[in-house]
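Undergrad: coords below, sequence missing:
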């Protein structure tokens, strides 16, 4: 954590004044990232990286519980390999970084830095999958990928980003589809439980599918400013990649068959989603499950006898039950510390001073709603410990989730016509639009042109807003969730 | 794990016949790696990657206990940034991969894929270090790096490899030197305790220093074939990088000073070291601390009543004390399973069949020495559990370490003259040579030319072989450890 060189904690631009600046202020001032001379790339600093490590740890455990194994593929893809699947190369070739020289030698076949690794996994599967006995393979890797974006923003869109990419291969289409859906549900569970961020599960329209996929599923979240953020995707490939890469296996019936594949991923973008879902004008608000520091203990008048001893006792008590606790006994003033840890989004703050000790109590403040409570230190600190653990495990996560859900509800508008969409956005500001669609790409494009909102997904949970397409008035096939997106 | 498609476990080339082929056989047949169409790069497969994950977990904990924080730097370095430190760019520029295009756009400043990240850390430190209050910074990152090697071998030398790189920055030279030595000791402790691999700690001669370092320290291990392997390095930079990158801080005396830096790293090469330190003609032999599976339970005549139930009981008992256990109840024969898990280096095998159950016992076999013991299942399996835990935690690691140490002792030769070196290598085969050195680079080169062994390091623990240089006969300054190296 930064030391106070006599300065006050710097103020953050208010959300209402300039949401984009508020966002970058938090990224910089909470020391999540720093810019570099590599355009569009960033340093993820210790506090930001610790959030990512917690995300990794929780997700990796969830993957392994589901039978996935980690591997590591090369970071380079030969141009000739990238070109094997037609749609895939069309989608990615325009935005990759090309390695043309190794040392002083010019390469015959250029290498791209992986933008995603389907082609490498396919090459590997062609080598190792021969029989139905070799299936399924449930692989994942934690790596970084590169996409040559024009405009970049920390976490949300950068030329290099960290992610995990799951790649699985199965005997049947049914199994692969089941896996695609299972991993979408896994992501949704993680976002809702660990990140306290409500998401809508749905399927992308055909115009928005991953390059090479038969179907792309996504979870969509609504940020505080009413813009949508795609928080994770899960793709079903059918046997398209298998055919392009010549992956075949001998089936139980002793026939040569093409296997079916999936891929799925989430990225460091989730950190951007956390900031914009929960943050406020005082800074970051972190979900306890991924907060690098879950509880900070701030001693008041710490030079008075007994204060630091008692603060240390509280620290030890919480540490012993596995919480990530920090006792800040630096020379900075309590006021500075309050502001600093609020800005850094520490979920729970414990204040303990001479008067508290006299009264056998302390003050416990929760970051997301600013509430303070007096908690007894009697009973060998058991009441205190139980209160803090309950806050971290239940009260704060539920409260944060409900607050975010309230925001999404307020900013979700049901619209029957294009005019209603335009009016809703004008009067209530950006948000999710629920509106019906006939299924034609033409109408999708027209809605975007006329209203500025694009289709986010076709939600799994459908409800009927009307029976005709919001654009052409022909019979509607699906309710689509529309919005402006990060 | 591979399924037995009716085949026998394939034989491995014997070590004595062809050590290099023995090595690659193990890499392939134990399913640690697979080749790809990206020259010099490999897929690390689940079983290989699980070993790396265990290495990461243990080392990361050791780093964090020492106060290090993880960060993530970009994978690219602009050519102009790489050129800031003269020695550094000279050392690395000839062996980097160059990115010249992003999408279809040609880059003005070429980017290299990081071969190491000193330059990026320095740029970052110049941004964030201003006062002595900002020091030290104890940073580390777990990433992959690229060096354009001509000849490659799995784990030992590949164009891309995984590693951790620590980068620290301090107020004083003393602090930085202390850190350099502390991390060398950390690596030595890890190698000896967790990998059961004895190492020699020492300092590199000037001709062998890291590009840009004032001093490079290394741990050197001796492989089964008598060749040396550098298992980890720790560099002290003085303030050279700080001067080149303009990193300055206001000291406690309110003066502008240059800070002092270190870096240190270990790589996936450690997996190669494990293979060549402990492996034998039956395959891999894994140290329990990093083995993906520590104990395999093989039921005998598993279709007989009660066998699988009892095997499951043993499994649950070991699982409950946190061991990584596998019960193989597949249809493969016990003989096939024995050979398969021996090849994969599983440290302990438990055999349980109808006769064992009748006698209230099971058979426990240890991989590294092939010993078998009969263990009682009485006393609610407590004796069994205690025996296996003791094997995994104590008996096997100590036995493996001592066996490797014996091998190193047998293959370490004290030599007073060049002729003695030549004779020792001819008669006893490759190994470590302990011989005195005057300190002149010329003699170092001559020894290499005449005998084929290069200086590995100047060991911290010195003993006097003679009082004159093995080459020129002038007064000796240091005992050097010489050897052929991977």
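TA: Nice, I can see it. The shown structure was predicted, so the numbers you read here are calculated from the model rather than taken from an experiment.
Undergrad: Which of the helices or strands spans the residue nearest to the spatial centre of chain A?
TA: Using C-alpha atoms, centre = their mean, the residue of chain A that lies closest to the mean C-alpha position is residue A:270, 2.1 Å off. Secondary structure from DSSP states H and E places residue A:270 in helix A:269-278.
Undergrad: tell me what that helix is packed against?
TA: Secondary-structure packing of helix A:269-278 (3 or more C-beta pairs under 8 Å, 6 or more residues apart in numbering or on different chains; DSSP states H and E): helix A:19-29, helix A:46-65, strand A:228-238, helix A:396-410. C-beta: built from backbone N, CA, C; applies to glycine.
Undergrad: Now the longest one: buried residues?
TA: Okay, so that is helix A:46-65. For helix A:46-65, burial by neighbour count (16 or more other C-beta atoms under 10 Å in any protein chain shown) applies to A:46-55, A:58-60, A:62-63.
Undergrad: same deal with stretch A:181-201?
TA: A:181, A:183-184, A:186-188, A:190-192, A:194-201.
Undergrad: three-state assignment of the nearest residue to residue A:165 once chain neighbours are set aside?
TA: Once flanking residues are discounted, residue A:165 sits nearest to residue A:265: 4.6 Å by C-beta to C-beta, 6 or more residues apart in numbering or on different chains. With DSSP: H, G, I helix; E, B strand; the rest coil as the basis, residue A:265 sits in strand.
Undergrad: circling back to that earlier point, give me the distance from the helix holding residue A:270 to the chain's centre.
TA: 7 Å (C-alpha atoms, centre = their mean, to the nearest Å).
Undergrad: which residues are in contact with it?
TA: Helix A:269-278 is touched from outside by A:23, A:26-27, A:32, A:48, A:51-52, A:55, A:153-157, A:161, A:191, A:195-197, A:221, A:223-225, A:229, A:231-232, A:284-287, A:290, A:345, A:368, A:400, A:403-404, A:486, with contacts defined as C-beta atoms under 8 Å, 6 or more residues apart in numbering or on different chains.
Undergrad: tell me which strands and helices the strand or helix carrying residue A:326 is in contact with?
TA: Assigning secondary structure by DSSP H and E places residue A:326 in strand A:325-327. The contact analysis (3+ C-beta pairs under 8 Å, 6+ apart) places strand A:325-327 against strand A:295-299, helix A:307-320.
Undergrad: out of the helices and strands packed on helix A:269-278, which comes closest to chain B?
TA: Closest approach to chain B among the helices and strands packed on helix A:269-278 is made by helix A:46-65 (3.8 Å; C-beta to the nearest C-beta).
Undergrad: Show me what the mean pLDDT comes to for that closest one.
TA: Per-residue pLDDT over helix A:46-65 has a mean of 98.
Undergrad: same deal with stretch A:218-238?
TA: On average, the pLDDT along stretch A:218-238 is 98.
Undergrad: And that stretch, end to end?
TA: For stretch A:218-238, the separation between the terminal residues is 17 Å (C-alpha to C-alpha, to the nearest Å).
Undergrad: Residue A:324 versus the spatially closest residue to residue A:401 that is not a sequence neighbour, what's the distance?
TA: Spatially, and ignoring its direct neighbours in sequence, residue A:401 is nearest to residue A:196 (4.3 Å; C-beta to C-beta, 6+ apart). Between residue A:196 and residue A:324 the computed distance is 17 Å (C-beta to C-beta, to the nearest Å).
Undergrad: Chain B contacts on the stretch 101-250 of chain A?
TA: The stretch 101-250 of chain A comes close to chain B at residues A:101-105, A:111, A:113, A:120, A:123-124, A:127-128, A:130-131, A:133-134, A:139, A:143-144, A:146, A:148, A:159-160, A:162, as judged by C-beta under 8 Å from any C-beta of the partner chain.
Undergrad: wait, the residue nearest to residue A:165 sits on residue A:161?
TA: No. Under the criterion of C-beta atoms under 8 Å, residue A:265 is not in contact with residue A:161, lying 10.3 Å apart.
Undergrad: What sits closest to residue A:91 if chain neighbours are left out?
TA: Once flanking residues are discounted, residue A:91 sits nearest to residue A:211: 2.4 Å by C-beta to C-beta, 6+ apart.
Undergrad: who touches the one you found in this structure?
TA: When contacts are counted by C-beta under 8 Å, 6+ apart, residue A:211 touches A:87, A:88, A:89, A:90, A:91, A:92.
Undergrad: Would you tell me which one of those comes nearest to residue B:318?
TA: residue A:88 (45.0 Å; C-beta to C-beta).
Undergrad: tell me the average confidence for the helix or strand where that closest one lies?
TA: Taking DSSP H and E as the definition, residue A:88 sits inside helix A:86-92. Average pLDDT, helix A:86-92: 90.
Undergrad: buried ones in it?
TA: Going by neighbour count (16+ other C-beta under 10 Å), the buried part of helix A:86-92 is A:88, A:89, A:91, A:92.
Undergrad: The helix or strand following that helix: partners in the sheet, and parallel or antiparallel?
TA: Counting by DSSP H and E, the next helix or strand C-terminal to helix A:86-92 is strand A:97-102. If you go by DSSP bridges, strand A:97-102 pairs up with strand A:105-113 (antiparallel), strand B:97-102 (antiparallel).
Undergrad: Give me the angle between the following helix or strand past the longest one and strand A:228-238.
TA: What it means is strand A:105-113. Remark: after strand A:105-113, the chain's next helix or strand is helix A:118-128, criterion DSSP H and E. Interaxial angle of helix A:118-128 relative to strand A:228-238 (axes from the mean of the first three to the mean of the last three C-alpha atoms, to 10 degrees): 30 degrees.
Undergrad: For helix A:118-128, which outside residues touch it?
TA: Taking C-beta under 8 Å, 6+ apart as the rule, helix A:118-128 contacts A:73-74, A:77, A:81-82, A:84-85, A:88, A:114, A:134, A:137, A:139, A:167, A:169, A:212, A:237, A:241-242, A:244-247, A:259, A:261, A:263, B:34, B:36-38, B:43.
Undergrad: Show the buried residues in these.
TA: In the contacts of helix A:118-128, burial by neighbour count holds for A:73-74, A:77, A:81-82, A:84-85, A:88, A:114, A:134, A:137, A:139, A:167, A:169, A:212, A:237, A:241-242, A:244-245, A:247, A:259, A:261, A:263, B:34, B:36, B:38, B:43, counting by 16+ other C-beta under 10 Å.
Undergrad: Can you list which of those are found in strands?
TA: Judged by DSSP state E, strands contain the following of the buried ones among the contacts of helix A:118-128: A:77, A:137, A:139, A:167, A:169, A:237, A:261, A:263, B:34, B:43.
Undergrad: Going by distance to residue A:97, which of these wins?
TA: Nearest to residue A:97 out of those is residue A:77 (C-beta to C-beta; 11.0 Å).
Undergrad: For the lowest-mean-pLDDT helix or strand in chain A, name the packing helices and strands.
TA: Ranking every helix and strand in chain A by mean pLDDT, DSSP states H and E puts helix A:86-92 at the bottom, with a mean of 90. Under the contact definition 3+ C-beta pairs under 8 Å, 6+ apart, helix A:86-92 sits against helix A:79-82, helix A:240-245.
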